[in-house]
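[1] got a structure for you, letters missing:
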């Protein structure tokens, strides 16, 4: 990944190391999100529900506080199209299922965005163009854009899309465009960088916060177990910035999915993954306070974390795929304040 000409030290280093342990009695019993592990992690991780019969894609918070989860059929040749599940986070109960009949069964939702009242839902999908639906699943618009890196609605109801990255590997604020969802047949218009704050708050491998801070994945070196995010201010992409690190296990080839800035403060969350190895760390969700340079939380797992959504200042919601039973958990994770 290109990330500018770094010519100095990387500033303050905060590395959250995770010990590699093989647990008896079957892998995973004492991990922070598991029944036996929660008492030892001060109850930091709580399971909302487990989805057993669908592949889980992105999710978002509805104005009611319920979760809207994009799902698709399991396997390489699914027979039913994607659907949206409304789930009550307090009970884990599925309150409503909306089948997106206009999408083919092999469509895989990748990114989801909701407008202010959740009457419109935008989805980018693998092998399909971006589509906007009403809450009842009616197709409102199919956009001639394939796999945009970021999606968001602005306060005026325009759907914002980003179509690439700049030479530093960050979201390109100069290539964003806006679609008028009140007139979906019209052509997109260019938007200024000032309008793109919400668009880039959360993304894959890189994100930009509301206060103009960027975060992007740093490729790990050789067989080093350490990787992390470089964090700095926009307009100073070529400056060293600050390195926030995580160590999973030796010989791990790292990848990261979601990077998510909190809209409530200076918290930054990211998940890092390794190839699966039975009984050992495969993934970790890490949260930092990037103003105080403090690691707030590290949650390891033998499976994979995926989508990250901030519910409030001290609560992060995440999905986690479980390899063994091939199910997905939706988790509520308590994030402590920086001391």
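    The structure has been received and is ready for your questions. As the structure is a computational prediction, the values presented were derived from the model and not from experiment.
[2] how about residues contacting whichever helix or strand residue 109 is part of?
    Element membership for residue 109, per DSSP states H and E: strand 108-114. Applying Cβ atoms under 8 Å, 6 or more residues apart in numbering, the contact partners of strand 108-114 are 55, 57-60, 62, 68, 70-72, 82, 120-127, 147-148, 150-153, 159. C-beta here means a position set from N, CA and C on the backbone, and glycine is covered the same way.
[3] sheet-wise, list the partners of the helix or strand residue 244 falls within with their directions.
    Element membership for residue 244, per DSSP H and E: strand 242-247. Looking at strand 242-247 with DSSP bridges, its partner strands are strand 13-17 (parallel), strand 226-233 (antiparallel).
[4] pick out the shakiest of the ones you listed, pLDDT-wise.
    Ranked by mean pLDDT, these end with strand 13-17 at the bottom, a mean of 47.
[5] packing partners for the next helix or strand after that one?
    Using DSSP H and E, the helix or strand that follows strand 13-17 in sequence is strand 45-51. Judged by 3 or more Cβ pairs under 8 Å, 6 or more residues apart in numbering; DSSP states H and E, strand 45-51 is in contact with strand 67-72, strand 83-87, strand 327-334.
[6] thinking again about what came up before, any idea of the mean pLDDT for the strand holding residue 244?
    86.
[7] rewinding a little: tell me the strands beside the strand holding residue 109, with direction?
    Sheet partners assigned to strand 108-114 using DSSP bridges are listed as strand 120-126 (antiparallel).
[8] still on that earlier bit, ok and the strand holding residue 109 relative to strand 83-87, angle-wise?
    If you take axes from the mean of the first three to the mean of the last three Cα atoms, to 10 degrees, strand 108-114 sits at 50 degrees to strand 83-87.
[9] tell me which residues in stretch 56-69 are buried?
    Buried residues in stretch 56-69, counted by 16 or more other Cβ atoms under 10 Å: 56-62, 66-69.
[10] what is the end-to-end distance of that stretch?
    7 Å (Cα to Cα, to the nearest Å).
[11] for the stretch 101-250 of the chain, what spans make up the strands?
    For the stretch 101-250 of the chain, the strands defined by DSSP state E, counting those that start in this stretch occupy 108-114, 120-126, 128-134, 139-146, 150-153, 158-162, 177-180, 189-190, 202-204, 206-208, 213-218, 226-233, 242-247.
[12] just name the closest of the buried residues of stretch 56-69 to residue 88, please.
    Ranked by distance to residue 88 (Cβ to Cβ), those are led by residue 66 at 5.5 Å.
[13] pull the contacting residues for that closest one.
    86-89, 95.
[14] show me the beta-bridge partners of residue 120.
    residue 134.
[15] show me the contacts for it.
    Applying Cβ under 8 Å, 6+ apart, the residues contacting residue 120 are 114, 132-135, 140, 153, 157, 159, 181.
[16] what's the pLDDT at it?
    On pLDDT, residue 120 comes in at 96.
[17] so how far is residue 173 from it?
    According to Cβ to Cβ, to the nearest Å, residue 120 stands 23 Å off from residue 173.
[18] then residue 94?
    In this view, residue 94 and residue 173 are 38 Å apart by Cβ to Cβ.
[19] same check on residue 56?
    In terms of Cβ to Cβ, residue 56 sits 30 Å off from residue 173.
[20] kindly report the same for residue 63.
    Separation of residue 63 from residue 173 (Cβ to Cβ) stands at 28 Å.
[21] reformat the helices and strands packed on strand 45-51 as TSV; add distance to residue 246 and mean pLDDT.
    TSV is the format used below for these (distance: least, Cβ to Cβ, whole Å; pLDDT from 0 to 100):
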stretch	distance to residue 246	mean pLDDT
strand 67-72	26	96
strand 83-87	29	97
strand 327-334	16	93
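[22] on that earlier part again, let me know the closest of the contacts of residue 120 to residue 210.
    Of all these, residue 153 has the smallest distance to residue 210: 15.3 Å, by Cβ to Cβ.
[23] show me the contacts for that closest one.
    Residue 153 touches 113-116, 120, 122, 159-160, 181, 198, counting by Cβ under 8 Å, 6+ apart.
[24] list only buried entries from the residues you listed.
    If we count by 16+ other Cβ under 10 Å, the contacts of residue 153 have these buried: 113-115, 120, 122, 159-160, 181, 198.
[25] would you list those in CSV and tack on distance to residue 339?
    As requested, those are exported to CSV (distance: Cβ to Cβ, whole Å):
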residue, distance to residue 339
113, 35
114, 34
115, 38
120, 41
122, 39
159, 40
160, 37
181, 44
198, 30
